[in-house]
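Q: Test case, fold it:
(2 chains)
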Amino acid sequence: MTLRLFNTLTGQVEPLTPSEGGVLRMYACGPTVYDYGHIGNFRTFLEVDVLRRFLRLTGVPVRHVMNITDVDDKIIRNAAAAGMAIGAYTAKYEQAFFEDLDALKVERPEVLPHATEHIGKMVELVQKLEAAGAAYKTEDGSWYFRLSAFPSYGKLSKKDLSGMEDGARVDVDEYEKDSARDFAVWKSAKPGEMAWDTAIGRGRPGWHLECSAMSMEYLGESFDLHAGGEDLMFPHHENEIAQSETATHKPFARHWMHVRFLLVEGKKMSKSEGNFFTLRDLLLKGYKASAIRLALISVPYRHQLNFTFDGLTEATSAINRLRTFHERLKNTAWPKSAMRGSVGADEEISQIIATAKSDFFNALSNDLNTAEARAAVFEMVRKINTIADSGRLFESDARAALAVLADFDAVFDVIRDDDRECTRRALDWAQASGRMDLIDEGVLAAAHLSDEAIETLVAERTQAKRQRNFARADEIRNQLASKGVVLEDSKDGVRWKRK
RNA sequence: GGCGCGGUACCCAAGUGGUAAGGGAGAGGUCUGCAAAACCUUUAUGCGCCGGUUCGAUCCCGGCCCGCGCCUCCA
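A: Modelled structure (predicted):
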């Protein structure tokens, strides 16, 4: 089963396979750690996570590199405003970033290089460019890439810059550049700014240069896939290509994946619109980490996703359905298959499960169609539930269905329930950092209700029911419901779960 | 203005040249002390609008309307 993925470079859906050594080498642009990540950031990381998980599921090992940009203009500005040293400032937000990735169950890339630890490689790259006549130094000590040195500039974003090479719009601060379109590869430092003393002068790397240097350092001069948010296509990725290919005379990344932006409640997310959310904001409002994960990956990565609170509620319900089904299959004592009498039912059930499995794999193979993959599994859930209700499900069927569910979860990862723990951590963070204002009251109340306290009330209710004291039983049920605990009476006793 | 994406039921959202997946919500039912869960039934003669190609178009082509993205470091 080979993944076919849209390649921005060619504009076509193409097979994505390792070019050598059997390991797929991929690079994804990581965060600039200057603030808490917002859900738009996480959509991109989540989609890349879906990609790497599916590759692994289909037997393709992955070497995934993601940079951490820990020096840039925003970092310098924000750290100064916060009165913190750059290193301490970025460490704080890098840690927060990884906490958020953990909550969303985004797998850790194999390599996580920091920009500040690869200055030497970046300087080397500038020197190579200079030797090739493609980089020049300006009076203030900054270095620029000469766009005219790379004729195929624009091949990724399909931009033809020939007509606008030296347009009227010249940035006053950058009057020294040979051409308005030339971009910085090395920035001279203003007094007091973070800087390195290097062979090309004192300064700090340009953002584009970081990604070129670190991707090639860990993946080689040519590698299989480069991914990022759609906004990075131009100019960031275009610049990476120009620098890298000029320096090496080899093709940079073969395949390019771009994740579309999301909208929030129908509008582009922005602080001024009031629709700007970090992961922590949502967790503290009572939305589950798993629901956020599912909502963000259910729409295929090349489509604009409209992120809404209704969508989050929908995802929560969908996950409950999956988890309930999973519990049912796992915990019911299904009759042994040897006892199966008729052969006809057997065939039908195998067919349902086999179809679900192949539909699931086909959907993801087809440019990561997560919506269709999800549908394949839900169809199986409904049909198997029906068969189970009619008493025709046997142990071997349950096992086979669970195996499909396991494949699904190897990519989607929403069945195992760590939601309470994630919310707990968000609450701890809010308390520690004085952001109590973000916490929803219901979330706090639910967090304070221990499993033991619930068990005690459930036991009392069972006792009341046995004595046919339904008034008391209902009172307890309502009390728990108000704190987000749902009870289900079944033949095998009472089940409870947190909503 | 240049380049690109999209408009599918109440909401979200797949999809195909031959007549509409899936999820959520709603309604009715089975089950239950009542609920919940699960299941069943039900909700687009219809896929932005107008033409064209075709035996046949939601899917192909053209035009129009609407929404969105990128076009100076925002994922």
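Q: going forward, measure contacts between C-alpha atoms and count neighbours the same way
A: Fine.
Q: contacting residues around the residue of chain A found nearest RNA strand B?
A: Closest to RNA strand B within chain A is A:G229: 2.5 Å, counting by C-alpha to the nearest atom of the strand. The contact partners of A:G229, taken as C-alpha atoms under 8 Å, 6 or more residues apart in numbering, are A:T44, A:H258, A:V259, A:R260, A:F261.
Q: ditto for A:H236
A: Contacts of A:H236 by C-alpha under 8 Å, 6+ apart are A:H208.
Q: quick one: it is in a helix?
A: Yes: applying DSSP: H, G, I helix; E, B strand; the rest coil, one finds A:H236 inside a helix.
Q: Chain neighbours aside, what residue packs nearest to A:D367?
A: Nearest residue to A:D367, sequence neighbours excluded (C-alpha to C-alpha, 6 or more residues apart in numbering): A:L5, at 4.3 Å.
Q: quick one: pLDDT of that neighbour?
A: pLDDT recorded at A:L5 is 95.
Q: distance of A:E421 from A:K288?
A: 10 Å (C-alpha to C-alpha, to the nearest Å).
Q: between these two, which one's more packed in?
A: The neighbour comparison of A:E421 against A:K288 (other C-alpha atoms under 10 Å) goes to A:K288, with 25 against 13.
Q: pretty sure the more buried one is in contact with A:D419, am I right?
A: Yes: using C-alpha atoms under 8 Å, A:K288 makes contact with A:D419 at a distance of 5.7 Å.
Q: any shared contact partners between those two?
A: Contacts common to A:K288 and A:D419, judged by C-alpha under 8 Å, 6+ apart, are absent.
Q: picking up where we left off before, among the contacts of A:G229, which are located in helices?
A: Counting by DSSP state H, these place A:T44 in helices.
Q: Give me the subset of the contacts of A:G229 lying in strands.
A: Judged by DSSP state E, the contacts of A:G229 include A:H258, A:V259 as members of strands.
Q: and A:V299, what are its phi and psi?
A: phi -90, psi 130 (degrees, to the nearest 10).
Q: if I look at it, how far off is A:E107?
A: A:V299 is 20 Å from A:E107, by C-alpha to C-alpha.
Q: Among the two, which residue is more densely surrounded?
A: In this view A:V299 and A:E107 are compared by other C-alpha under 10 Å, and A:V299 has more residues nearby, 20 against 16.
Q: quick one: that one and A:L368 touch, right?
A: No: A:V299 lies out of contact with A:L368 (C-alpha under 8 Å); the separation is 9.8 Å.
Q: What degree of burial does the residue lying closest to A:R435 once chain neighbours are set aside show, as a neighbour count?
A: Sequence neighbours aside, A:W429 is the residue nearest to A:R435 in space, at 8.0 Å (criterion: C-alpha to C-alpha, 6+ apart). When neighbours are defined as other C-alpha under 10 Å, A:W429 has 15 of them.
Q: got a pLDDT number for A:W429?
A: If you check A:W429, the pLDDT there is 97.
Q: That one belongs to a strand, doesn't it?
A: No: looking at A:W429 with three-state DSSP, it is helix, so not inside a strand.
Q: gap between it and A:E99?
A: As judged by C-alpha to C-alpha, A:W429 and A:E99 stand 11 Å apart.
Q: which residues sit in contact with A:M1?
A: For A:M1, the contact set (C-alpha under 8 Å, 6+ apart) comprises A:T58, A:F361, A:S365.
Q: Pull the residues that contact stretch A:427-439.
A: Applying C-alpha under 8 Å, 6+ apart, the set of residues contacting stretch A:427-439 from outside is A:D281, A:L284, A:K285.
Q: so the second one touches A:A445, yeah?
A: No: A:L284 is not in contact with A:A445 according to C-alpha under 8 Å; the separation is 11.9 Å.
Q: residues of stretch A:316-329 that come out buried?
A: A:T316, A:A318, A:I319, A:N320, A:R321, A:L322, A:R323, A:F325, A:H326, A:L329 (16 or more other C-alpha atoms under 10 Å).
Q: Find the helix or strand that the residue nearest to A:D367 is a member of.
A: Per DSSP states H and E: A:L5 is located in strand A:4-7.
Q: Give the other helices and strands that that strand contacts.
A: Using 3 or more C-alpha pairs under 8 Å, 6 or more residues apart in numbering; DSSP states H and E, the elements in contact with strand A:4-7 are strand A:12-15, strand A:253-259.
Q: distance between the helix or strand harbouring A:R420 and the chain's centre?
A: Secondary structure from DSSP H and E places A:R420 in helix A:419-432. Helix A:419-432 has its average C-alpha position 20 Å from the chain's average C-alpha position, going by C-alpha atoms, centre = their mean, to the nearest Å.
Q: what's downstream of that helix, the next helix or strand?
A: helix A:441-447.
Q: residues in contact with that following helix?
A: Looking at what lies outside helix A:441-447 - C-alpha under 8 Å, 6+ apart - the contacts are A:L284, A:K285, A:G286, A:R420, A:R424, A:K483, A:G484.
Q: what about 6 Å?
A: Taking contacts as C-alpha atoms under 6 Å, 6 or more residues apart in numbering, the residues outside helix A:441-447 that touch it are A:G286, A:K483.
Q: Please work out how many residues are found near A:D413.
A: By other C-alpha under 10 Å, neighbour count at A:D413 equals 19.
Q: swap in the one 10 residues further on?
A: Neighbours of A:T423 under the rule other C-alpha under 10 Å: 24.
Q: and it, how far is that from A:D417?
A: A:T423 sits 12 Å away from A:D417, going by C-alpha to C-alpha.
Q: swap in A:M380?
A: Taken as C-alpha to C-alpha, the span from A:M380 to A:D417 is 21 Å.
Q: Just the pLDDT for A:E94.
A: Looking at A:E94, its pLDDT stands at 97.
Q: Which residues are in contact with it?
A: Neighbour list for A:E94: A:V33 [criterion: C-alpha under 6 Å, 6+ apart].
Q: Please, which helix or strand holds it?
A: helix A:86-103.
Q: just A:K497 next, same as before
A: strand A:493-498.
Q: elements contacting that strand?
A: On a contact count with 3 or more C-alpha pairs under 6 Å, 6 or more residues apart in numbering; DSSP states H and E, strand A:493-498 meets strand A:485-490.
Q: ok, back up a step: pull out whichever of the contacts of A:G229 are also neighbours of RNA strand B.
A: A:T44, A:V259, A:R260, A:F261 (C-alpha under 7 Å from any atom of the strand).
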